[in-house]
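Colleague: Sequence and predicted structure, then a few things I'm wondering about:
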Amino acid sequence: MAALPRPGSPAYLRAEGDRLLAFARNARLPDWGFGWLDSQGTPLADDTVHTYVTARMTHVFALAALLGHPWAADYADHGIAALTGPLHDDRHDGWHTATDRSGRPLADEKSAYPHVFVVLAAAGAAMAGRPGAAELLTHALEVVEQRFREPGSGLLRERWDRSWRSLDGYRGGNSNMHAIEALLAAGDATGDPQLAAQALRIADQLVNSTARQAEWRIVEHFDQDWSPLWRYHEERPADPFRPFGSTVGHGIEWSRLLVQLHTALPDAPDWLLPAALELFGRAERDGWSADGHQGFVYTVDWTGTPVVRARLHWVLAEAVGAAAVLHRATGDPHYRQRYDTWWQWAEDHLVDRDAGSWHHELDVAGRPASTVKTGKADVYHAFQATLLPGLRTAPSLAAALIPARTP
């Protein structure tokens, strides 16, 4: 067996990206949408089609199409068909959180999180020239604007009932962070500068104000007035979407998004890049080997003490991507050193050379685990980690890939 290229090197990134895409293709369901994959790469047999998983896989396949993979356009089209078809609520508008494989809704709710991923998927597919994607993007942006974005704060509300009559009082940082990513991609796809301005409003409130006051730890949970809920889910800290405390990986992810936001703004405020460095530094100090074992802990409390010590694959994937982006922005060798260290750790512990993709969770001893989530839901985070180091920093990954298609 030939020796692997050095982890994180261009040859390694190309090979790993192709390997992840081969695994991802298993998620295609026969009729429509993409399934949640188990640890062996088979869609779970629970009959559920999650909108956010389908949207994230559609985004990945749109990026693959932009990379020139000849099969990928058909997979992106398969996702667009699901998002314009069974996953869309034709009665009340917007998107179901999940359905069974016959298209029957499985929850009486409309949540911001899957909606912003619909925007992301449509934006990337539109930039890849996929039919119906531009129309889907226009519609998804309208729903997010009319139903989720608060007129006053510019932040996204979290959850309605299915018919848009009852609004939950909880407000979440996670969906707003992913809204930054989606809005930047939509801005690249449409040329509308107001979308980046909307993203800046979200970042200004949740990072420049709230995270700054929390010693650069990302605050995840809020009440309807956007006051932090410091003890939210303290009794069930490993909740897969709303864990207690601060999520280390979100501090890292935000740091990268702030640099991308900076590139989208002709008059970017001077706090963006320093804030990105602060967020990355705080997450690195709080999370990396914080309990005496290598790897990033999942969450910490408001003093930086580890709470959930599981090692989630997406945190490491975001860390190598952010380290590459920050090294490119600053030239500081610290980020390059961390990049090399973390890619080696990913290869040694997370990359699953036997069953494919990455182990999505490890316990403290480095053994595969499933206390937070089961299986290998999608390749969104890991695949992006193979792209970010080799691309120019642009508002969106799709936009950064487009020059590669130019003869």
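Modeller: Thanks, I have it. Numbers count the residues shown, from 1 in each chain.
Colleague: just the helices in the stretch 1-150 of the chain please.
Modeller: For the stretch 1-150 of the chain, helices defined by DSSP state H, counting those that start in this stretch occupy the ranges 10-24, 51-67, 72-84, 112-127, 133-143.
Colleague: Could you list the buried residues of the third one?
Modeller: Taking 16 or more other Cβ atoms under 10 Å as the neighbour-count basis, helix 72-84 is seen to contain the buried residues 72-73, 75-84. All C-beta atoms are positioned from the backbone trio N, CA, C, and that covers glycine.
Colleague: now what about that helix, what contacts it?
Modeller: 21, 25, 28, 32-34, 49, 51, 54-55, 57-58, 61-62, 64-65, 95, 118, 121-122, 124-125, 128, 130-133, 136 (Cβ atoms under 8 Å, 6 or more residues apart in numbering).
Colleague: Now list the buried members of the residues you listed.
Modeller: Neighbour-count burial (16+ other Cβ under 10 Å) applied to the contacts of helix 72-84 gives 21, 25, 28, 32-34, 49, 51, 54-55, 57-58, 61-62, 64-65, 95, 118, 121-122, 124-125, 128, 130, 133, 136.
Colleague: Can I get the buried residues of helix 72-84 in JSON lines including pLDDT?
Modeller: Shown next, in JSON lines, are the buried residues of helix 72-84 (pLDDT from 0 to 100):
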{"residue": "Ala72", "pLDDT": "98"}
{"residue": "Ala73", "pLDDT": "98"}
{"residue": "Tyr75", "pLDDT": "98"}
{"residue": "Ala76", "pLDDT": "98"}
{"residue": "Asp77", "pLDDT": "98"}
{"residue": "His78", "pLDDT": "98"}
{"residue": "Gly79", "pLDDT": "98"}
{"residue": "Ile80", "pLDDT": "98"}
{"residue": "Ala81", "pLDDT": "98"}
{"residue": "Ala82", "pLDDT": "98"}
{"residue": "Leu83", "pLDDT": "98"}
{"residue": "Thr84", "pLDDT": "98"}
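Colleague: tell me which of those residues is nearest to Val315?
Modeller: Gly79 (25.4 Å; Cβ to Cβ).
Colleague: any idea how far that closest one lies from Ala122?
Modeller: According to Cβ to Cβ, to the nearest Å, Gly79 and Ala122 sit 10 Å apart.
Colleague: Repeat that for Asp301.
Modeller: Asp301 is 38 Å from Ala122, by Cβ to Cβ.
Colleague: what's the answer for Gly321, then?
Modeller: 22 Å.
Colleague: Which stretches in the stretch 101-250 of the chain count as strands?
Modeller: Under the criterion DSSP state E, counting those that start in this stretch, the stretch 101-250 of the chain contains strands at 110-111, 159-160, 171-172, 221-222, 246-247.
Colleague: ok, and for stretch 10-28, which residues are buried?
Modeller: Buried residues in stretch 10-28, defined by neighbour count with 16+ other Cβ under 10 Å: 12-13, 16-17, 19-21, 23-28.
Colleague: That stretch - what's its average pLDDT?
Modeller: Stretch 10-28 shows a mean pLDDT of 98.
Colleague: For it, C-alpha coordinates in CSV please.
Modeller: C-alpha atoms of stretch 10-28 as CSV (Å, rounded to 0.1, in the frame of the first residue of the first chain):
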residue,chain,number,x,y,z
PRO,A,10,-2.5,19.6,-1.3
ALA,A,11,-2.3,16.0,-2.5
TYR,A,12,-3.8,14.8,0.8
LEU,A,13,-6.6,17.3,0.6
ARG,A,14,-7.5,16.3,-3.0
ALA,A,15,-7.5,12.6,-2.1
GLU,A,16,-9.4,13.1,1.1
GLY,A,17,-12.0,15.2,-0.6
ASP,A,18,-12.6,12.6,-3.3
ARG,A,19,-12.8,9.9,-0.6
LEU,A,20,-15.4,11.8,1.3
LEU,A,21,-17.4,12.4,-1.8
ALA,A,22,-17.4,8.7,-2.6
PHE,A,23,-18.9,8.1,0.9
ALA,A,24,-21.4,10.9,0.5
ARG,A,25,-22.9,9.4,-2.7
ASN,A,26,-24.3,6.5,-0.5
ALA,A,27,-26.7,9.0,1.0
ARG,A,28,-28.8,9.3,-2.1
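Colleague: Now tell me what touches it from outside.
Modeller: Contact with stretch 10-28 is made by 4-6, 34-37, 41-43, 53, 57, 60-61, 64, 67, 69, 71-72, 75, 78, 343, 351, 356-357, 376, 378-379, 382-383, 386-387, 389-390, as judged by Cβ under 8 Å, 6+ apart.
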